[in-house]
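Engineer: What follows is a predicted structure for the sequence shown.
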Amino acid sequence: MTAVTRRLAMAILNGFDAFFAEYKNITLGAQARFESADWQACQKAMRARLELWKQKRAIVAEAARTITGGTIENREHWLEAKEEFAELIRNHDNFEIAQSFFNSIYCLVFNHEKIRKQHTFSLVPAEHAGPIDSRSILRRFKYNGDNTQDIIRSLLEGCEFNIPWEDLERDIGFITEAVNTQLIPQLNRGDQEVWVEALESLFFRNKAAYLVGRIKVGSTSFPVVLPILHTEESSIYVDTLLHDPDDISILFSFSRSYFMVDAKIPSEYVAFLHQLMPHKEIFELYNAMGMQKHGKTEFYRFAVADTMESEQPYIIAPGIKGMVMLVFTRPDFDYVYKVIKDKFTPPKEMSHEHVRSCYRLVKRWDRGGRMADTQEFNKLAFDRRRFSDELMAELEKEAPSLIEVKGNALILDHVYIERKMIPLNLYLKDCNDEQLYSVMDEYGKAIKQLAAGNLFPGDMLLKNFGVTRHGRVVFYDYDEICPLTDCNFRRLPVPQTEEQEMATQPWYEVKPEDVFPEEFRLFFSGNQRAKKVFDELHSDLYNPDYWCELQEKIRNGYVADVFPYRRIQRFQQRDEGINGQVASD
């Protein structure tokens, strides 16, 4: 090892430690922001934390250039620096995230080109389960059959909020009743010991705090989550008890924003969460914890391993082809790859940078359970032999500037990856009447909840929404998305002459920001069955007044209540929401 490579490795580790310290400081403020009901500050802090990795990466990369004295692009230096870095982080609590930070510096220096495993930790598995029973992350209570209320009281009081409970005894009663009616059969299993365990740190997101734990009965366990909400009057209350695995999965969904969790060692929390939700991949849990950059590393490792185990080809994704994006996948893969076309299909006229800016906006916005999270990659390499002839022809036609072929390697310059869903327009072709009613209600709720979060989807065609395995409708086409408050919602002018009435083009002035809600009916062209149900459930969306009133509320500081569970599950019915309607799922 040379002195230069040792200094390079140390600079990267120092940069990572600085990043993590600042990341922790932003996260540590989550409880105070929740207690003061400063929801605008919550959103600002979330966006600041999302930008932190890139900010620190740029600083460290510049320092690396100085340290190496103009030889930063010498890959031999990086080979040695990687070995030195591996030694430095051998006993580091968060070595696996530090590896991702090293990778990120390398990718920035070399513009994501020639990412090799000998120079980075891109394909190094991070076996870091963590001591999941450590008292540093868990509070544990032994259940004896008669101490339900005592355990609940200890759990709630142990949260150590600095504001009072609205009615602690009432909440203990609600939870006790829910346990007695819903969970007791699972607790009575002979002589097996029963333990209640809860993570010490709360999970903060949007306008809620979540106490996350599990009940262990012998060698089996099942999750429990207590959502805690603010009354807006300087007190708090427990809203419900979640224990169904599907409910817990939705809470940690890919369509929701990242939590703020005071976790000194995130891998310990991820290991615990993975036991609660074994069907979720490790990268999904790191993402949920707000470690999305390391989640990207874990996803890459997952995708490479999954591809190696498959013989399926890459094909064009089912559904109507997009005007802006070319989308492909493998039949046995749960994710799709999205590439921005070189030229957009008319009438789309925006720039490539506009499309990228829309994806960046979604990344830092509160997705509210209605927008799919994405992973963004540069210079992503594939095996050219795995691409179907049809897909290869489509890539060469629609995005030739993004393709580079080197032997059997096909390198795509820029790719978004997101969870695969059934396009809503395809789902409607085969659904029965009950499913139609449910999914059209979901479609309307998705639009309303996006709007309540100050987002207007722009292009609300059915093909731009997907249906998840839980039957939820999620938006995934972002090229026309914008803040709701940037729109000008108008009524269609009434024709004054026969000539105006017969005109095939608008006879009135239309500015780029103008939106005519009465035209939303056109999104159902060709599917009158779906339109009839939507009109019954959500015809208020055709009224410009609905949108203008919501805009005014948002401009006055309104932040929507976004509940990742159904209204019927709540212990009490309250009045939060939009125009009397709770913004929940």
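Structural biologist: Cool, got the structure.
Engineer: Ramachandran angles for residue 533?
Structural biologist: Summarising the backbone geometry of residue 533 under the convention degrees, to the nearest 10, its torsions are phi -70, psi -40.
Engineer: Let me know the average pLDDT across the longest helix seen in the chain.
Structural biologist: Ordering each helix of the chain by length in residues (DSSP state H) puts helix 39-67 first. Per-residue pLDDT values across helix 39-67 average out to 95.
Engineer: quick one: buried residues of that helix?
Structural biologist: 39, 42-43, 45-46, 49-50, 52-53, 56-57, 60-61, 63-64, 67 (16 or more other C-beta atoms under 10 Å). Every C-beta, even on glycine, is put in place using the N, C-alpha and C of the backbone.
Engineer: Please identify the helix or strand for residue 221.
Structural biologist: Secondary structure assignment for residue 221, by DSSP states H and E: strand 220-230.
Engineer: so what secondary structure elements neighbour that strand?
Structural biologist: With contacts taken as 3 or more C-beta pairs under 8 Å, 6 or more residues apart in numbering; DSSP states H and E, strand 220-230 sits against strand 208-217, strand 236-238, helix 245-251, helix 266-276.
Engineer: Let me know which of those is the nearest to residue 464.
Structural biologist: helix 245-251 (21.4 Å; C-beta to C-beta).
Engineer: how about the CA coordinates for that closest one, as PDB?
Structural biologist: Extracted in PDB, the C-alpha atoms of helix 245-251 (Å, rounded to 0.1, in the frame of the first residue of the first chain):
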ATOM      1  CA  PRO A 245     -49.000  -9.300   7.500                       C
ATOM      2  CA  ASP A 246     -50.600  -7.600   4.500                       C
ATOM      3  CA  ASP A 247     -51.200  -4.400   6.500                       C
ATOM      4  CA  ILE A 248     -47.600  -4.400   7.700                       C
ATOM      5  CA  SER A 249     -46.400  -5.000   4.100                       C
ATOM      6  CA  ILE A 250     -48.500  -2.000   2.900                       C
ATOM      7  CA  LEU A 251     -47.000   0.100   5.700                       C
END
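Engineer: Help me confirm that residue 252 comes into contact with residue 273.
Structural biologist: Yes. Checked against C-beta atoms under 8 Å, the pair residue 252 and residue 273 is within contact range at 7.2 Å.
Engineer: quick one, which of the two is more surrounded?
Structural biologist: Between residue 252 and residue 273, counted using other C-beta atoms under 10 Å, residue 273 has the larger neighbour count: 26 against 22.
Engineer: sec struct for the nearest residue to the more buried one once chain neighbours are set aside, please.
Structural biologist: The shortest distance from residue 273 to any non-neighbouring residue, by C-beta to C-beta, 6 or more residues apart in numbering, is to residue 285 (4.9 Å). Per DSSP: H, G, I helix; E, B strand; the rest coil, the secondary structure class of residue 285 is helix.
Engineer: count of residues packed around residue 285?
Structural biologist: Burial measure for residue 285: 23 neighbouring residues, criterion other C-beta under 10 Å.
Engineer: Isn't it up against residue 276?
Structural biologist: No. Applying C-beta under 8 Å as the test, residue 285 and residue 276 come out as separate, 9.5 Å apart.
Engineer: Pull out the buried residues from stretch 366-380.
Structural biologist: By neighbour count on 16+ other C-beta under 10 Å, the buried set for stretch 366-380 is 366-377, 379-380.
Engineer: Likewise for stretch 21-35?
Structural biologist: Along stretch 21-35, these residues count as buried under the neighbour rule (16+ other C-beta under 10 Å): 23, 26, 27, 29, 30, 31, 33, 34, 35.
Engineer: any idea how far the second one lies from residue 292?
Structural biologist: Spelled out, that is residue 26. Taken as C-beta to C-beta, to the nearest Å, the spacing of residue 26 relative to residue 292 amounts to 14 Å.
Engineer: next one: the last one
Structural biologist: As judged by C-beta to C-beta, residue 35 and residue 292 stand 26 Å apart.
Engineer: One more: the third one?
Structural biologist: Taking C-beta to C-beta as the measure, residue 27 falls 14 Å from residue 292.
Engineer: Scan the helices and strands of this structure for the one with the lowest mean pLDDT.
Structural biologist: Averaged element by element with mean pLDDT, DSSP states H and E, the chain has its least confident helix or strand at helix 184-187 (a mean of 72).
Engineer: which outside residues touch it?
Structural biologist: Residues external to helix 184-187 that are found in contact with it (C-beta atoms under 8 Å, 6 or more residues apart in numbering): 143, 194, 215, 217, 222.
Engineer: Can you pull out the low-pLDDT segments for this protein?
Structural biologist: 1, 125-135, 187-190, 574-585 (pLDDT under 70).
Engineer: so which of the helices and strands packed on strand 220-230 gets nearest residue 547?
Structural biologist: For the helices and strands packed on strand 220-230, proximity to residue 547 was assessed by C-beta to C-beta; strand 208-217 is nearest, at 26.2 Å.
Engineer: can you confirm residue 508 is in a helix?
Structural biologist: No. Assessed with three-state DSSP, residue 508 is coil; it does not lie in a helix.
Engineer: Which residue, other than its chain neighbours, is closest to it?
Structural biologist: Closest residue in space to residue 508, ignoring its immediate chain neighbours: residue 493 at 4.7 Å, by C-beta to C-beta, 6+ apart.
Engineer: Buried residues of stretch 172-192, list them for me.
Structural biologist: Under 16+ other C-beta under 10 Å, the buried positions of stretch 172-192 are 172, 174, 175, 176, 178, 179, 183, 187.
Engineer: ok, now stretch 267-281?
Structural biologist: Buried residues in stretch 267-281, counted by 16+ other C-beta under 10 Å: 267, 268, 269, 270, 271, 272, 273, 274, 276, 277, 280, 281.
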